[in-house]
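J.: Sequence and predicted model, in that order:
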Amino acid sequence: MKLLIYPAIEEARLKAVQEAASGVSVVNAVTQDEALGGIVDADGFFGKITPELLAASKQLRWVQSPTASLEHYLFPELIEHPCRLSNMRGLFSDVIADHVMGYVLMFARNLHLYLRQQMESRWAPVGNEKMTEQGFIMGPSSVSPVDASHIHLSDTTIGVVGAGFIGREICRRASAFGMKILAVDPITKSVPGIVEEVWPTERLPDLLAESDFVVIAAPHTPETEKLFRAAQFEQMKKTGYLINIGRGVIVDLTDLTAALTEGLIAGAALDVYEVEPLPANHPLWQMENVILTPHIAAASPRISERHLETLLENVRRFASGEEPATLVDKRKWF
């Protein structure tokens, strides 16, 4: 058997792949011509495959994508080809779930507003109409602090759109905060010990109506593109927050901007956008109830390590004739 790699990987990684691919010839192609010549009799491929490379192959059985997302990787000929495709899913589910809970906590404790006030050296408790000398509001009984502008998480519901690897980690973290958890997914039926019943995607309107925080953790597929438009924001609570760490094309930014401007929802936190970078003149930049991060929810010092671990596991499986650990359905894009 033969495994072709293109573009070429560095020497240390190549050595690890060669060790994992016991009994398999590994070709590390530097140029496109080398790749075109090498793929003719290759059984496996790792890297960026193109229609030209695929057309030149004669016995390709397995393709490993270097990315988790596949919307920019797949093309019609690859979908129709009998080869199996695997991706890099599941590498950063915990990190992205942490990022989501960071958004949730910022909204719950008004940290996004306090950070702006800090830049102005301004002492102004959000939502408090009166402060005592000790620095807290006294409620009507003058016994306990009261502030309705801050959110008590265990009184809230989080709705997760997409209960895959990332969505399940979000559910687990939300559970630790005592939040009620809802989820919709076309495949996942439950999150053991956390969500007894994951609803089918047809129940998205129910999830939107009940959730204080709506988190999009779905991949980009033909079904999810522009999934969130004006109608979905109208179905959300006016006190609800939208969080998107899935794919930018899932949320129509024009409709979201309008929903925020009109007060249909309370706020939004985005790490992904229809257009990246988000244009400097986009109105979302200036909205106090919006948190924007530049597509870094998966940022982690363990990126390279986990990426290699997944690659090596699938190479070992390829060498032994097993199914890849991260096999995808090419027609569904995940």
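T.: Structure's in. What do you need? Keep in mind the model is a prediction, meaning the values are calculated, not measured.
J.: can you tell me how far Ser190 sits from Pro76?
T.: For Ser190, the distance to Pro76 equals 35 Å [C-beta to C-beta, to the nearest Å]. Yep, even glycine has a C-beta here, placed from its N, CA and C like the rest.
J.: now Pro219
T.: Applying C-beta to C-beta, the value for Pro219 to Pro76 is 19 Å.
J.: which one of the two has more residues nearby?
T.: Pro219 (22 against 8; other C-beta atoms under 10 Å).
J.: in the stretch 1-150 of the chain, which spans are helices?
T.: Using DSSP state H, counting those that start in this stretch, the helices found in the stretch 1-150 of the chain span residues 11-20, 32-38, 51-56, 76-80, 93-109, 111-119.
J.: now do the stretch 201-334 of the chain
T.: So, for the stretch 201-334 of the chain - with DSSP H, counting those that start in this stretch - the helices run 204-210, 230-235, 253-262, 303-319.
J.: Pull the residues that contact the last one.
T.: Residues from elsewhere that reach helix 303-319 (C-beta atoms under 8 Å, 6 or more residues apart in numbering): 1, 3, 13, 16-17, 20-24, 43-44, 46, 62, 64, 66, 86, 88, 90-92, 300, 323-326.
J.: Please write out the alpha-carbon positions of it in CSV.
T.: C-alpha atoms of helix 303-319 as CSV (Å, rounded to 0.1, in the frame of the first residue of the first chain):
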residue,chain,number,x,y,z
ILE,A,303,-3.3,22.5,18.2
SER,A,304,-0.3,20.9,16.6
GLU,A,305,-0.1,18.0,19.1
ARG,A,306,-3.8,17.1,18.8
HIS,A,307,-3.7,17.4,15.0
LEU,A,308,-0.8,15.0,14.8
GLU,A,309,-2.5,12.5,17.2
THR,A,310,-5.6,12.3,15.0
LEU,A,311,-3.5,12.0,11.8
LEU,A,312,-1.4,9.2,13.3
GLU,A,313,-4.4,7.3,14.6
ASN,A,314,-6.1,7.3,11.2
VAL,A,315,-2.8,6.4,9.5
ARG,A,316,-2.5,3.3,11.8
ARG,A,317,-6.1,2.4,11.0
PHE,A,318,-5.4,2.8,7.3
ALA,A,319,-2.3,0.6,7.5
